[in-house]
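Student: Quick one, what's the 3D model for this:
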Amino acid sequence: MSTILYAGIDAGTTGTRTMIFDEVFRIISSSYVKNSFIFPREGWVEQDPYELIENLRITFKNALEKTNLGKESISSIGIANQRETIIGWNKITGVPYGNAIVWQDTRAQPYTESLKGQGFRALIRERTGLELSPYFSAGKIKWILEHILKDKKKANEALFGTVDSWIVWNLTNGRFVTDFSNASRTMLMNLKKLEWDEELLEIFGIQHDSLPEIVPSYGNEIKLENSLSPKGNINSIMGDQHSSLFGQFCFKRGSTKATIGTGTFVLQNVERNPGMREKGLLTTVAFGKSKNSCSYALEGSVPVSGSIIDWLIRGNFIKDKERAFSILKERSGKGRDEDLYFVPSFNGIYSPYWDGSSRGLIIGITARTTVESIVMSSYEAIVFQLMDVIRTLKYSPHSMKLDGGPASNQYLMQLIADYTQTEVVVPEINETTAFGAAMTSSIGIDGIEGNPDPKMFDLRFKVYEPSSRNPNSTQRYERWRKAVSKSRGWAGTTERL
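Tutor: Numbers count the residues shown, from 1 in each chain. Below is the predicted model of the structure:
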């Protein structure tokens, strides 16, 4: 077995995974644990920051033990993390100010709505490439400042960071950094300058010193001081969706990938043009080794996709995911003769609508409606939300890379190909986030430089070609959009695009 190993850590929302690869990036071992969620009240989503660190340690230890080699075999470590989730902690004691506020959390919506009323929406779009939304980190930081810290003295001792910053702080005895990609999701970084924007900091009332240093996504050598590996430094940090974009080899303009997990996230590489912005989409940093070499991406974000099936299980519609899969398998290719639609906007709807007042609905229920019908409408909702984003992209993709847990569901992949009339390419290594993290960590190590060529790797793909098995897909998509329109404005009024 090779003694040159690269570790990719995916510190995601639903769970934490560590994968270890050899020098040609074949999987040597893998370990995964689920992360817990805390729901204090409606619209609030939290996680225990200590558990996030512990789960990383557990998976790293377990994956390393499976290799039968020691820590010194790890040449480099790459970390990819859930984005927008924010943690505040005391810079002296290192103790967090409560739980992590997860990206799905909407408690900051009243504040972000008030900023819209003050006319800041256009400024934030122009500076950050993002929508003025509680989805991003800035509103969450403001909430901590106003509801937990409250006074200036406590605020002077506070640090705020996304999950990557919290992880690095704990593994290095206090190194406080974030990378271009994660910083671009805070709603506080100037997208063109790749620096914290002083005017935005003033608007949100956030001190510059309470935010981490912004460093490149890869090519770093962040020395570990507190376990994991004595040889392998943290060489890359990246948001999970950006790491997946890299792991899918989307380096050229127009190359597109979609990750379906808790939500769906579509990223399209637009290379070095951060000025482009399509209606309803976000402009974000893709990744970069320096300020002068950053690639940018257009992104469509959908908060609820794969988690629709979890919702059906919690609601006792079905027993488990195997039952959902069997229903899809049984009905696959048979078309739909029911005018039934499920809009899963549980806490608002994101791309391309950006309406925090939208709430979930199932519409078209009749006396003939069954649980199986609702399950099929749930799978269609995953596809329709993806179509909403694809139809808004700058470059219309003829082929789309797709990964995430549900990508192993061949019937769902074929449904996506048929409805979108786009070739769907699924890699054999489905965990492309960890794969991308490991690859980026290797850049500059052991002679590896630049964007890797897919031909360097023994990779296999499953390709799903679109067929005409769903002749009524266009009509159903238009009916879906009508259902979305009925879901909007339910939880109060909000400005719409």
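
Student: May I ask you to confirm that Leu145 is in contact with Lys152?
Tutor: No. Counting by Cβ atoms under 8 Å, Leu145 stays clear of Lys152, with 9.8 Å between them. All C-beta atoms are positioned from the backbone trio N, CA, C, and that covers glycine.

Student: Those two - which one has more neighbours?
Tutor: Taking neighbours as other Cβ atoms under 10 Å, Leu145 and Lys152 compare with Leu145 leading, 23 against 9.

Student: Please report how far the more buried one lies from Ser133.
Tutor: 18 Å (Cβ to Cβ, to the nearest Å).

Student: Ok, Ser378 next?
Tutor: The value you get for Ser378 to Ser133, if Cβ to Cβ is used, is 25 Å.

Student: next one: Glu380
Tutor: Glu380 is 26 Å from Ser133, by Cβ to Cβ.

Student: So between these two, which is more surrounded?
Tutor: Higher neighbour count among Glu380 and Ser133: Ser133, with 25 against 22, using other Cβ under 10 Å.

Student: quick one: contacts for that one?
Tutor: 112, 139, 187, 350, 354, 356 (Cβ atoms under 8 Å, 6 or more residues apart in numbering).

Student: What is the burial count for the nearest residue to the fifth one once chain neighbours are set aside?
Tutor: The shortest distance from Trp354 to any residue that is not its chain neighbour, by Cβ to Cβ, 6 or more residues apart in numbering, is 4.9 Å, and that residue is Glu131. Residue neighbour count, defined by other Cβ under 10 Å, stands at 22 for Glu131.

Student: Can you classify Glu131 as helix, strand or coil?
Tutor: On the three-state scheme (DSSP: H, G, I helix; E, B strand; the rest coil), Glu131 is labelled coil.

Student: check contacts around it.
Tutor: 121, 124-125, 282, 354.

Student: could you point out which element follows whichever strand or helix holds Asn62?
Tutor: Element membership for Asn62, per DSSP states H and E: helix 49-67. Where DSSP H and E defines the elements, the next helix or strand beyond helix 49-67 is strand 74-81.

Student: quick one on the thing from earlier: which ChimeraX command selects the buried ones in the contacts of Glu131?
Tutor: If you want just the buried ones from these in ChimeraX, going by 16 or more other Cβ atoms under 10 Å, the selection is:
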select :121,124,282,354
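
Student: Ile79: which of the contacts of Glu131 is nearest?
Tutor: Closest approach to Ile79 among these (Cβ to Cβ): Leu282, at 22.3 Å.

Student: The spatially most central residue of the chain and Gly300, how far apart?
Tutor: Among the residues of the chain, the one closest to the centroid is Gln241, at 4.7 Å (Cα atoms, centre = their mean). Gln241 sits 11 Å away from Gly300, taking Cβ to Cβ as the criterion.

Student: And Ser36, by the same measure?
Tutor: Where Gly300 is concerned, Ser36 sits at a distance of 28 Å (Cβ to Cβ).

Student: Of the contacts of Glu131, just say which sits nearest to Gly436.
Tutor: Leu282 (19.5 Å).

Student: what comes into contact with stretch 84-91?
Tutor: Against stretch 84-91 from outside (Cβ under 8 Å, 6+ apart): 13, 47, 49, 95-98, 100-103, 135-137, 140-141, 144, 148-149, 157-163, 165-166, 169, 176, 185-186.

Student: Show the buried residues in the residues you listed.
Tutor: Buried, going by 16+ other Cβ under 10 Å: 13, 47, 49, 96-98, 100-103, 135-137, 140-141, 144, 149, 158-163, 165-166, 169, 176, 185-186, out of those.

Student: Please narrow those residues to those residing in helices.
Tutor: 49, 137, 140-141, 144, 163, 165-166, 169 (DSSP state H).

Student: from those residues, which is closest to Lys71?
Tutor: Checking these one by one against Lys71 (Cβ to Cβ), the nearest turns out to be Trp169, at 20.6 Å.

Student: I figured that closest one was touching Gly161, is that so?
Tutor: Yes. With contact defined as Cβ under 8 Å, Trp169 and Gly161 form a contacting pair (7.0 Å).

Student: Touching both of these two, which residues are there?
Tutor: Phe176.

Student: Tell me who's in contact with Gly161.
Tutor: Contacts of Gly161 by Cβ under 8 Å, 6+ apart are 86-87, 169, 176, 178, 211-212.

Student: Look at it and report its pLDDT.
Tutor: With respect to pLDDT, Gly161 scores 95.

Student: now it: how far from Ala183?
Tutor: 10 Å.

Student: residues contacting Pro397?
Tutor: Pro397 touches 254, 256, 268, 390, 422, counting by Cβ under 8 Å, 6+ apart.

Student: ok, now with 10 Å
Tutor: 254-258, 266, 268, 390, 420, 422-423 (Cβ atoms under 10 Å, 6 or more residues apart in numbering).

Student: cool, and Gln241?
Tutor: Here Gln241 is in contact with 80, 82-83, 181, 185, 257-259, 261, 263, 265-267, 284, 286, 297, 299, 301, 433, 436 (criterion: Cβ under 10 Å, 6+ apart).

Student: returning to that earlier point: of the contacts of Ser133 - the most surrounded one?
Tutor: Neighbour max across the contacts of Ser133 (other Cβ under 10 Å) = Tyr350, 28 neighbours.

Student: Apart from its chain neighbours, what residue comes closest to that residue?
Tutor: Nearest to Tyr350 is Ser301, by Cβ to Cβ, 6+ apart, at 4.6 Å.

Student: For that neighbour, which residues count as its bridge partners?
Tutor: For Ser301, the beta-bridge partners are Phe265 (DSSP bridges).

Student: Next, count neighbours for Asp151.
Tutor: Going by other Cβ under 10 Å, the residues that sit close to Asp151 add up to 8.

Student: for the closest residue to Gly247 other than its chain neighbours, what are its contacts?
Tutor: For Gly247, ignoring the flanking residues on the chain, the nearest one in space by Cβ to Cβ, 6+ apart is Gly436 at 2.8 Å. Residues near Gly436 by Cβ under 10 Å, 6+ apart: 8, 10, 78, 80, 218, 236, 238, 240-250, 287, 403, 429.

Student: Gly436 and Arg481: what is the separation?
Tutor: 33 Å.

Student: One more: Ala286?
Tutor: Ala286 is 29 Å from Arg481, by Cβ to Cβ.

Student: More neighbours: Ser36 and Gly300, which one.
Tutor: Gly300 (25 against 12).

Student: show me the contacts for that one.
Tutor: Counted by Cβ under 10 Å, 6+ apart, Gly300 has contacts 258, 264-268, 278, 280-282, 350-352, 385-386, 388-393.
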